[in-house]
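>>> show me the folded form of this:
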Amino acid sequence: MDEAHEIPVDGVLDLHTFQAREAKDLVVEYLRACQAKGIRDVRIIHGKGTGALLRTVHTVLEGLPAVASYGLAPLEAGGWGATIVRLKDGPAE
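Model prediction:
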């Protein structure tokens with residue numbers, strides 16, 4: 001039985017407890033919720049591991065019209081274990 005996770009919408013999404021197959025929908029919904037709350041800068045923590053979550057996150061971000069830009073976080077914010085996303089202004093898409 002899958003357990004529901006309560007995720008605060010505060011601009012930081014930690015995917016450590018999720019598998020790559022779960023990440024796609026979660027990232028889309030989380031960014032939509034951030035945009036609706038007026039949060040434009042989001043940090044997605046995917047960890048360094050095998051790179052599966054990183055690839056999944058970047059693939060999802062590539063296809064989202066709400067994303068203005070994204071890239072690996074600076075070292076002090078997680079380096080290649082996290083991605084910084086800038087959302088476009090406006091209503092959630």
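
>>> helices of this structure, residue ranges please.
Using DSSP state H, the helices assigned to the chain run over residues 20-36, 52-62.

>>> any idea of the angle the last one forms with helix 20-36?
What that stands for is helix 52-62. Between the direction of helix 52-62 and that of helix 20-36, the angle (axes from the mean of the first three to the mean of the last three C-alpha atoms, to 10 degrees) works out to 40 degrees.

>>> could you dump the helices of the chain to TSV with mean neighbour count?
Backbone N, C-alpha and C define where each C-beta goes, glycine included. Written out in TSV, the entries for those read as follows (neighbours: other C-beta atoms under 10 Å):
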stretch	mean neighbour count
helix 20-36	17
helix 52-62	18
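
>>> so which of those is nearest residue 88?
For residue 88, the closest of the helices of the chain is helix 20-36, at 7.8 Å, according to C-beta to C-beta.

>>> dump the closest one to PDB, restricted to CA.
Once non-C-alpha atoms are left out, helix 20-36 reads as follows in PDB (Å, rounded to 0.1, in the frame of the first residue of the first chain):
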ATOM      1  CA  ALA A  20      12.600   8.200 -10.400                       C
ATOM      2  CA  ARG A  21       9.300   6.900 -11.700                       C
ATOM      3  CA  GLU A  22       7.400   8.800  -9.000                       C
ATOM      4  CA  ALA A  23       9.400  12.000  -9.500                       C
ATOM      5  CA  LYS A  24       7.800  13.100 -12.800                       C
ATOM      6  CA  ASP A  25       4.300  13.800 -11.600                       C
ATOM      7  CA  LEU A  26       5.500  15.000  -8.300                       C
ATOM      8  CA  VAL A  27       7.800  17.700  -9.900                       C
ATOM      9  CA  VAL A  28       5.000  18.900 -12.200                       C
ATOM     10  CA  GLU A  29       2.500  19.200  -9.300                       C
ATOM     11  CA  TYR A  30       5.000  20.800  -7.000                       C
ATOM     12  CA  LEU A  31       6.100  23.400  -9.500                       C
ATOM     13  CA  ARG A  32       2.400  24.200 -10.300                       C
ATOM     14  CA  ALA A  33       1.800  24.600  -6.500                       C
ATOM     15  CA  CYS A  34       4.800  26.900  -6.200                       C
ATOM     16  CA  GLN A  35       3.700  29.000  -9.100                       C
ATOM     17  CA  ALA A  36       0.200  29.300  -7.700                       C
END
